[in-house]
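A.B. asks: Based on what follows, work out the 3D shape:
(chains A and B)
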Amino acid sequence: MSLGTRIASELKGDRAIWAIVAILALFSILVVYSSTGTLAYKKMGGNTEAYLMKHVVVVAGGLMLTYMAHLIHYTKYSRWAPTLLVVSIPLLVFTIAFGPEINDARRWIEVPFVGVTIQTSDFAKLALLIYVARAISSKQEYIKDFNSAFLPIIVPVLIICGLIAPANLSTAALLFITCMGVMFVGRVAMQYILLLLLLGVVVFATLVLAGEFFPDVIRSATWTDRVREFMEEPDGVDQVQQAKIAIANGGWLGLGPGNSIQRNYLYSSHSDFIYAIVIEEYGILAGILIVLLYLFLFFRATRLVTKSPKAFGAMLVMGLTFNMILQAFVNIAVSVHLVPVTGVTLPMISMGGTSMLFTCVYFGIILSVSKYIEAVSVEAEAT
Amino acid sequence: MDIKNEVLYRVYILLFGILVPIAVVLMYRTVDIAILQGERWRQEGEKKYLDYRQVEADRGNILTADGSLLATSVPFFDIYFDPLAASDEDFAKYKDTLAHCLATFVLDNYTVGGALEYLENLRKGDNRHILLKRKVTYDGKKFIEEFPLFSLGQNKGGFIARKRSERKRPFGLLAQRTIGYVRDSAHPVGLEGRFNKILSGTPGSEPMICIDPGKDLWIPVNNLTAIEPERGDDLQTTIDIDIQDIAESALLRAMNFHNAEWGTAIVMEVKTGAVRAIANLGRSEEGWWETYNYGIGAAIEPGSTFKTASLMALLEDDLIDLDDTVSIEHGVTSFYDEVMEDASPYSPKLDSIRIREAFLISSNVGVSKLVNQYYGQKTKANGNEGAARYIKRLKDFNLNLPTGVNIDGEANPYIKEAYSTADDWSGTTLPWMSIGYEMKITPLQLLTFYNGIANDGEVMKPQIAQAVLRDGKVIEKYLPTVTNRRLASDKTIRQAKELLLSVVEDERGTAHKLKTDNFRFAGKTGTAQINYKRSSRGTSIGGYQASFVGFFPYEKPKYSCIVVINRPRDNGFYGSDVAGPVFREIADKIFTTQVALHKPLNSDPKPMLTAEKLPATSLGAKEDMMVILDYLDMETFGEAETPFVVLRPQSDSLIMEPRNAVENLVPNVYGLGLRDAVHLLENAGLRVTVVEGAGKVRSQSITAGARIKKGTPIKLRLN
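C.D. replies: As a prediction, this is how the structure comes out:
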C-alpha cells in the first residue's frame, strides 16, 4: 500500500472537504511565507525561515487537530457543548478584565504554565456554535415556540456575543449572524429571527453607549472611527489603499511567488489583508479560486445537511461552515474595500495561532459529521 | 412540507440569497480593483513606495592628443552605519573591538571609550543612517569593511558604503579652464560642459522600495527593471600636454614678471587647426588661476595685430604695392579732431617710407592713412563702395564670424557695418578700425586668421576635441575642417607672410629682438591701449594689452601661436617686450623638443668624408653606434661581433673594430664612458674603487690583458 492510499484510507469523510482543507493550507504556507518578509526583516534580522517554520508547525499541528477531531464521533460534541459553554463565559469575562492589551484590545489570555496565548473568543465561538446546533436539533418538535425553544437558544447567544463584542465586535457580530442563520435553517419562526435582529441592534447600541463610559473595555471609539473613515474616505484609508495597490499589482496572473511589494506596507499583510497579497503574488484567478473554494465548502455542507440522519449534524455543519464563510467573505470584503476595516482573519489562510487551530478543529468536526453520515448511508444501503 | 425539506429550502435561501451574491460581488470587486482601476492603483503604488534611484554612470575621461588623462573620475565612498541592523548578540559581541577599530582608524576625535559610548548611544536611537566618514578611498573602504561586525554586511552588520566619484585633473592647473567642469551649482564650462552628454554616459536606475515609510528605510529590489548605467565615452582632445605645459609655464612667468591682469596663450597646429595648447591665467586671490577662458571668451580690441588684415585688404583689392611709399608724417597725424600717433621710435625721424616698412615698424599713421585714403571715399578704385568694400574684405577673411571651435563660450567678434548709424560709424571709425580699434575679436579668432595665412590661405576651423572613444576605440572623429578655402589670393598671402617675417627679421621690425638663429618665425606685435575712453569724470584707468601672434618655422609653418597679456604693470608694456618673449619661449621649447621640426642633418648633399672630420676612436655599445651611424647615413667597414666596438677612421671611411672582453683577462676600457667601463670591469669580477675626473676613461690602474683576480680593486682616471 502506497503512502498516498494509506493516508487516503486514514482520512475518512468527504474527500472534497479534505481537498479544500489541503488547498487552503498550502495557500496559507505560501502566502504567509511571502508576506512575513518584512516582519522577519524587522524582528528576526531577516530570518524569514523562522516565520515560515513557525507557521508550518502551526499548520501541521492544525491538520493533526483536524484529523483527531474527525475521528471523534460528532454526537460527542453535542454532549460536551453545555460544559464548554459554561467554561467559556468566565474565560471571556477574565479576558475582558485581565487579558493583556495587544493592539488596543484585550482578546487573548495566556494559558498558565504553557506560555501560549489563545484568543478566548475562538473557544467561545466553537462552544456556542455546538450549543446552538444541539439546542435547535433537540427542540425541533416545538421549535416555533417562544419560551421553550427560542429563549433557551437565544440567551446563551446574547451572553456570549455580548461578552465577545467589547473587544472584538466583528467576531461577535459574525457569530451573532451565524447563529441567526442556523436558527433560520433550523426552522425558528421568522418573527423571532426578526426580533433577534432587533435585539442585536439594541445590544450594539447599548455597547456603543457604554463605550463612552468604559473606553478601556469597550472599543466603541475604534468602531465609530472605522465606520467614519469608511464613509469619509472614498479611496479607503491608507491600509485599504495599500491593499488595493497590491490587488492592482497582481492583475490576472500575479507577480509570482515571493514578489509581493505591498507586503512591505500592509501592516497586517499576513492576516487581515492576506487576500490582497494572495492576489498580488498569484493573481485574480487565485483570489477567485479562494472565494469559490469557500462557496464550494458550503455546497458540500448543504449535501451533508440533506443526508444527515440527525438534525444535530446538519445544524452543526451549517453553523461551522456558515461562520467560516462569513468570516472569509468579510475578510475579503475588507481587502476590496467594501466594508470598514475589521480584524477578521481569512480562515485557514491567515497566519495566527489560535485562529488557525480552531479553524482546523471546525473542519475536523465537519469531516466527522460527513464521515458518520457516509457510514450511516452505507449501512442504510446495505440493509 | 416535511421538516427535512423545509430545512433544505431554508439552506438554499441562505446559499443563493446571501452567500452566492456576496461571492459574486467580491469577485467582481476584485476584478474591478485589479483591472478596471488597476492602472490608477499601480501608479498610486509606484508613487508611494517604489522609487527608481538614479545610479550615476562612470564619467568618461578627457584625454590629451596622445591619450594621457586630463580629467578622470576617481571613485570614493561615504561610509554609513546602521546601528540597528545587528542582532543584540552580535552587537554585544563585537562592539568593543568595533569601537577600538573605529577610534583608531575612522573616528578621529574619539577615544576607544568614547567610540564605544557613541556606538551604544546610536544603538539606543532610531537613526539607521549614521555617517561615519566621508570620502574614503576604495582601499580604505575595503579596510573598514573588514572591521568586526561590519564584516557581516549591511543587513546583519549595518555597514553601508555609498559610492560617489570625484573629478580629478592629474595635470592640475594645466588647461584647467578648457577642461572645464560640470557642477550642480554652476553653469557648465569647457569641454566637460560642451561634451557633457558624451562624457556622462547613461545613468542607470535601480528600483528601490520603501520597507518602512516611518523611518524612510529603502532597500534595492533585485528585479529585471534595474538598468545598469552605461559608462560615459572618453573625449580625446587635441591638447598636447607637453606644449600645454610649455605654454602655461611661459605665460605664468610673464604674468608674474609683468604683474599683469590676465593672459592667454594658444598654440594651434597650422595644417589641421588642432589647438595643441590653450593657457588662460587670471588674477585671483590665491595667485594665478585658470579662471576664465580668455582665449575663447574674451572679445578684445586687438590693436596692431589687426594691421595685417588691413594691408591684406588693400593688397587684395590691388590698391597698393608694398614698395609704394606712404607719408607717415613723423608719426603724428589727425583724422578730424582725433590725433593718431605712432609708438615706433623710428617714426619721428621719418616722413615718407615704403608701405612694407610702415608695417614692420607698425606705423599707426601709415596704415590708417592708407586705409582711409583708399576706402575713405567711394571711388572707382574701390568699386564706389568706400568703407563697405573694406568691411567686405574683412568679412572675406572671416573676421566677423566665430570660429565654431568645439567648446562652449566662444564670444562673437564685432565688426561694424560700414556707415551704419546703429554701429556708431563716424569719420574716425575707418582709420581706427584699420589699426585694430572700434572692433572686437577674440584671441582664438585672430589666431585662426593668422593660421590661415600660415596655411597658405586655407583657414582651418580650430578644434579642441578630436575624437570620442568608447573602450579605447574611436567611435566618432572630429575631422579637420576647412572654413575658408581661400582667404585671399596666393600673391596676397605670400606678401602677408613676407610682411610678417620682416617684423622679426628686419632690423627695424618691432619684433626684431625676438629673432633667433635656430629657426625662422614670422608674426606681428600688438600694443593696444585699453580703457582709453575717458569716463564722465575725466579719469581713465588706462593701461595696455600686449600681444604677439605668429607662426613657425617660417619655411614650413607647423604651429601658429598667439599670446595676449592684459594690463602689464611692470617691466614694459609693448607687445614685443611682454607677449613676444612668451611666444619665443613657447616656440623655442616646442622647436627643441620636436625633432621633426629640425632641419635634418643629412638634408644637404653628403659631404666628402675625411679622416679629420670623422669621429676618432669612439668606443661604445655596438647597438648605440649602429643607431647613430644609421641616422647619419654613414657606412662602416669591418666585422665586429662583440657588444662593444671601436670606430677607427681611415682615410675617408670608418672601420668598426671589435673590442673584446676576454674571460679572465682585464678588459681594456680606454675611451669608454664611466658607466660602460664600470659595467665591463665589475662584470669581469673587478671592483672599481677610485674614479678621478670626468668624461672618458684615459687610464686604468691594472693594464688590459692582465689576469683577473676576483675582487681586485681597480682605479680609473677620466678626462
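A.B. asks: Under the pLDDT cut-off, which ranges of the stretch 101-250 of chain B? List them.
C.D. replies: Within the stretch 101-250 of chain B, the segments meeting pLDDT under 70 span B:211-217, B:219-225.
A.B. asks: Okay, strands next: where are they in it?
C.D. replies: For the stretch 101-250 of chain B, the strands defined by DSSP state E, counting those that start in this stretch occupy B:130-136, B:159-168, B:204-212, B:217-220, B:234-237.
A.B. asks: on contacts alone, who are the packing partners of the second one?
C.D. replies: What that stands for is strand B:159-168. Counting contacts by 3 or more Cβ pairs under 8 Å, 6 or more residues apart in numbering or on different chains; DSSP states H and E, strand B:159-168 is packed against strand B:69-81, helix B:138-145. Any C-beta I mention is one placed from the backbone N, CA and C, and that applies to glycine too.
A.B. asks: Can you give the distance from that strand to the centre of its chain?
C.D. replies: 27 Å (Cα atoms, centre = their mean, to the nearest Å).
A.B. asks: Dump the C-alpha coordinates for it into PDB.
C.D. replies: Taking Å, rounded to 0.1, in the frame of the first residue of the first chain, the C-alpha atoms of strand B:159-168 are listed here in PDB:
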ATOM      1  CA  PHE B 159      27.900  48.600   7.100                       C
ATOM      2  CA  ILE B 160      26.800  50.900   4.300                       C
ATOM      3  CA  ALA B 161      29.200  52.300   1.700                       C
ATOM      4  CA  ARG B 162      27.800  54.700  -0.700                       C
ATOM      5  CA  LYS B 163      29.800  55.100  -3.900                       C
ATOM      6  CA  ARG B 164      30.400  58.500  -5.300                       C
ATOM      7  CA  SER B 165      33.100  59.900  -7.600                       C
ATOM      8  CA  GLU B 166      35.200  62.900  -7.800                       C
ATOM      9  CA  ARG B 167      36.600  64.500 -10.900                       C
ATOM     10  CA  LYS B 168      40.400  64.700 -10.800                       C
END
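A.B. asks: In it, which residues are buried?
C.D. replies: For strand B:159-168, a neighbour-count test (16 or more other Cβ atoms under 10 Å in any protein chain shown) marks B:159-161, B:167 as buried.
A.B. asks: go on, stretch B:423-442?
C.D. replies: Result for stretch B:423-442 [16+ other Cβ under 10 Å]: buried residues B:425, B:428-442.
A.B. asks: Stretch B:181-189 now?
C.D. replies: B:181-182, B:188-189.
A.B. asks: what's the spacing between B:Phe257 and chain A?
C.D. replies: Look at B:Phe257 and chain A: by Cβ to the nearest Cβ, to the nearest Å, they are 68 Å apart.
A.B. asks: Actually, B:Gln37.
C.D. replies: Between B:Gln37 and chain A the computed distance is 7 Å (Cβ to the nearest Cβ).
A.B. asks: neighbours around the closest residue to that residue other than its chain neighbours, how many?
C.D. replies: Excluding its sequence neighbours, the residue lying closest to B:Gln37 (Cβ to Cβ, 6 or more residues apart in numbering or on different chains) is A:Ala248, at 6.9 Å. Residues contacting A:Ala248 under the criterion other Cβ atoms under 10 Å in any protein chain shown number 25.
A.B. asks: I'd guessed A:Ala248 sits against B:Trp41; true?
C.D. replies: Yes. Counting by Cβ atoms under 8 Å, B:Trp41 is a contact partner of A:Ala248 at 3.4 Å.
A.B. asks: Sticking with the closest residue to A:Ala301 other than its chain neighbours, tell me its helix or strand.
C.D. replies: Nearest in space to A:Ala301, with sequence neighbours left out and distances taken as Cβ to Cβ, 6+ apart, is A:Thr321 at 4.0 Å. Using DSSP states H and E, A:Thr321 sits in helix A:311-335.
A.B. asks: thinking again about what came up before, please enumerate the shared neighbours of A:Ala248 and B:Trp41.
C.D. replies: Counting by Cβ atoms under 8 Å, 6 or more residues apart in numbering or on different chains, the shared contacts of A:Ala248 and B:Trp41 are B:Ile33.
A.B. asks: Save the buried residues of strand B:159-168 as TSV, and put in distance to A:Ala210 too.
C.D. replies: Shown next, in TSV, are the buried residues of strand B:159-168 (distance: Cβ to Cβ, whole Å):
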residue	distance to A:Ala210
B:Phe159	55
B:Ile160	52
B:Ala161	58
B:Arg167	71
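A.B. asks: and the stretch 151-300 of chain A, which of its residues are near chain B?
C.D. replies: Residues of the stretch 151-300 of chain A lying near chain B by Cβ under 8 Å from any Cβ of the partner chain: A:181, A:184-187, A:241-242, A:244-252, A:259, A:261-262, A:264-265, A:279, A:284, A:287-288, A:291-292, A:294-295, A:298-299.
A.B. asks: Show me where the stretch 301-450 of chain B has its strands.
C.D. replies: With DSSP E, counting those that start in this stretch as the criterion, the stretch 301-450 of chain B has strands at B:325-327, B:332-335, B:338-341, B:352-354.
A.B. asks: Quick one: closest of those strands to chain A.
C.D. replies: Nearest of those to chain A, taken as Cβ to the nearest Cβ: strand B:338-341 at 80.1 Å.
A.B. asks: For that closest one, give me every contacting residue.
C.D. replies: Residues outside strand B:338-341 that contact it (Cβ under 8 Å, 6+ apart) are B:331-334, B:364-365, B:368, B:428, B:431-432, B:435.
A.B. asks: What residues does the spatially most central residue of chain B make contact with?
C.D. replies: Geometric centre of chain B, nearest residue: B:Ala175, 4.1 Å, by Cα atoms, centre = their mean. Counting by Cβ under 8 Å, 6+ apart, B:Ala175 makes contact with B:70, B:239, B:244, B:248, B:277-279, B:290.
A.B. asks: nearest spatial neighbour of the residue in the stretch 251-383 of chain A that chain B sits nearest to, skipping sequence neighbours?
C.D. replies: Of all residues in the stretch 251-383 of chain A, A:Val336 sits closest to chain B, at 4.2 Å by Cβ to the nearest Cβ. Leaving aside its sequence neighbours, A:Val336 sits nearest to B:Arg29 (Cβ to Cβ, 6+ apart; 4.2 Å).
A.B. asks: beta partners for B:Val136?
C.D. replies: With beta bridges defined as DSSP bridges, B:Val136 has these partners: B:Phe77.
A.B. asks: For it, the count of nearby residues, please.
C.D. replies: B:Val136 sits with 19 neighbouring residues when counted by other Cβ under 10 Å.
A.B. asks: B:Phe105 is in contact with that one, correct?
C.D. replies: No. Here B:Val136 lies out of contact with B:Phe105, judged by Cβ under 8 Å, at a distance of 10.2 Å.
A.B. asks: How about A:Asn259, nearest residue that isn't a chain neighbour?
C.D. replies: A:Glu281 (6.2 Å).
A.B. asks: what's the answer for A:Leu292, then?
C.D. replies: In space, not counting the residues next to it along the chain, A:Leu292 is nearest to B:Ala23; the distance is 7.4 Å by Cβ to Cβ, 6+ apart.
A.B. asks: same deal with B:Val468?
C.D. replies: B:Glu476 is the one closest to B:Val468 (Cβ to Cβ, 6+ apart), at 4.1 Å.
A.B. asks: Which residues lie in contact with A:Arg134 in this structure?
C.D. replies: Neighbour list for A:Arg134: A:78, A:81, A:312, A:315-316 [criterion: Cβ under 8 Å, 6+ apart].
A.B. asks: What of B:Tyr118?
C.D. replies: Contact analysis of B:Tyr118 by Cβ under 8 Å, 6+ apart lists B:99, B:107, B:110.
A.B. asks: now A:Leu24
C.D. replies: Here A:Leu24 is in contact with A:290, A:293, A:347-349 (Cβ under 8 Å, 6+ apart).
A.B. asks: where are the low-confidence patches of the chain?
C.D. replies: Answering for chain A, as no chain was given. A:1, A:35-48, A:102-105, A:111-116, A:269, A:353, A:377-383.
A.B. asks: switch to chain B, that's the one I care about
C.D. replies: B:1, B:49, B:211-217, B:219-225, B:533-541, B:599-618, B:651-652, B:660-662.
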